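**Q** using only what follows, build the 3D model:
(one chain, ligands or ions: 2)
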Amino acid sequence: MSKMDTIRHFQVKPVIYYGVGAINAITEHEFKKVCIVTDEGMVKFGLLKMITDVLEEKGVNKIHVFSDVEPDPSTDIVERGLVSILHDKPDALIALGGGSAIDTAKAIIYYCNNLMHMFVDDKFITKPYFIALPTTAGTGSEVTEYAVITDKASQRKLALVSDLMMPDAAILDPKLIESLPPKATAATGMDVLTHAIESYISLNNNPFSRSYASKATELVFKSLKESYVNGHNLDAKASMQIASCMAGIAFNSAGLGINHSFAHAIGAKWHLPHGLANQVVLPYVIAYNSTDERAAYLYARLLHSIGLAPEIGKTATETLIRMIVQLSTDMDMALCLKDLGIDEGEYLESKESLVEKAMIDTCTATNPIKPTREDMLRILDSIYYGK
Ligand SMILES: NC(=O)c1ccc[n+]([C@@H]2O[C@H](COP(=O)([O-])OP(=O)(O)OC[C@H]3O[C@@H](n4cnc5c(N)ncnc54)[C@H](O)[C@@H]3O)[C@@H](O)[C@H]2O)c1
Ligand SMILES: [Zn+2]
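**A** Ligands and ions are numbered 1, 2, ... in the order given. Got it, this is the predicted structure:
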């Protein structure tokens, strides 16, 4: 049966505003009451004020700020935000921050809708206009239907999926990521690269997702190091924002793989930033997946699509891994969990449970190889020891 015998779909949403000054697009619609979901960092770095100034200038004076979001948001934070929005009933919800703030806002919308659904007929439920303003170039959450929320009790990251959570507008203003410290620029940028590479080889990839993933990969190799070294280079920052957004569009359609399954388990266990957890895993998962013929072919095709050929004496996969290791080293990032300072005894004690969590992670389903428990334990050892 030809692939074209199966009907599939690729949806492009939301409207995306980009470029310096794009934040002014928050006033494209007339709003009376606005709720902003954000974190303390946004207050500290003056980013919240940039947004409230634009709103106030346009005459929006009913602005409620919920700034309690923490990195890797938990169900408790979402509950608190939910109470706040049910009380305020805003006509617009603005998420300002990295993936944590955007995912919190998404989860608030999700639970709010589910809650109202229990008491009110669907036709009477109105969703606030949802605008996402990412302040990291990483998660691509501004264009995905996913929200990742941490369940503190089980130390697990849970993925909520619903088109209810897709923003109506995404605003990519490079000025919003200028204050991101170099370490966070590096980590979030490697998250973008992981989204692009994993979605490119995913079992659910398609011509649309592959073209977004390929362009995102090209932009990361072109702009991430410069964005890390020179935080005020707005061209490099803008390029990374577009890469992040494109990688988000790609994985929203194609899904991810076991790189993210490991990163979710490791990140939740040792409180590692999400991008850092992905970066430390990436070379080992690529090496494992390249044992599959189709995946090895796709790595070669990805390399070719960004205008590169395998280095002399190396396969495309080896070249790709070498480029990732070089980029990580250039940004002073560790190449294994041991070098990140994670205690060996603690690692050995938790490795079985980490593999268990990674095996049941939703991202594992679209990995090109269905891994066995033994495969996963072996890969995890490589991630820890770096060999
Ligand atoms: N929904 C999705 O599709 C998706 C995809 C990947 C990851 N995630 C989730 O997103 C979260 C990670 O998001 P993240 O990597 O963007 O980081 P983050 O939102 O957790 O932010 C990390 C830190 O950086 C600070 N920060 C953010 N922007 C800043 C700026 N411009 N200037 C100064 N400081 C700034 C924040 O205040 C915070 O302290 C994780 O929970 C992860 O699981 C979601
Ligand atoms: Zn990610």
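**Q** what does the stretch 151-300 of the chain put close to ligand 1?
**A** 157, 176-177, 179-180, 184, 188, 191, 273-275 (CB under 6 Å from any ligand atom). Placement of C-beta: from N, CA and C, glycine included.
**Q** just the buried ones from those residues?
**A** 157, 176-177, 180, 184, 188, 191, 273-275 (16 or more other CB atoms under 10 Å).
**Q** show me the residues you listed that map onto strands.
**A** Taking DSSP state E as the definition of strands, these contribute residue 157.
**Q** farthest-apart pair in the buried ones among the residues of the stretch 151-300 of the chain next to ligand 1, please.
**A** 157 and 176 (25.0 Å; CB to CB).
**Q** where does the closest residue to residue 175 other than its chain neighbours land on pLDDT?
**A** Among residues not flanking residue 175 along the chain, residue 20 sits closest, at 6.0 Å (CB to CB, 6 or more residues apart in numbering). If you check residue 20, the pLDDT there is 97.
**Q** can you tell me how far residue 20 is from ligand 1?
**A** Distance of residue 20 to ligand 1, given as CB to the nearest ligand atom, to the nearest Å: 14 Å.
**Q** just the helices in the protein please.
**A** Along the chain, counting by DSSP state H, helices occupy 40-44, 47-57, 75-88, 99-119, 182-201, 207-229, 234-254, 258-270, 274-289, 293-305, 316-330, 344-360, 373-385.
**Q** out of these, which gets nearest to residue 28?
**A** From the helices of the chain, taking CB to CB, the stretch that ends up closest is helix 47-57, at 11.0 Å.
**Q** can you spell out which helices and strands pack onto that closest one?
**A** strand 33-39, strand 62-69, strand 92-97 (3 or more CB pairs under 8 Å, 6 or more residues apart in numbering; DSSP states H and E).
**Q** out of those strands, which one sits most buried?
**A** strand 92-97 (a mean of 28; mean count of other CB atoms under 10 Å).
**Q** and it, which strands flank it?
**A** Within its sheet, strand 92-97 is paired with strand 33-39 (parallel), strand 129-134 (parallel), according to DSSP bridges.
**Q** what sits against residue 367?
**A** 202-203, 257-258, 261, 289 (CB atoms under 8 Å, 6 or more residues apart in numbering).
**Q** would you check which pair of those residues lies furthest apart?
**A** Longest span within these, CB to CB: 203 and 261, 13.8 Å.
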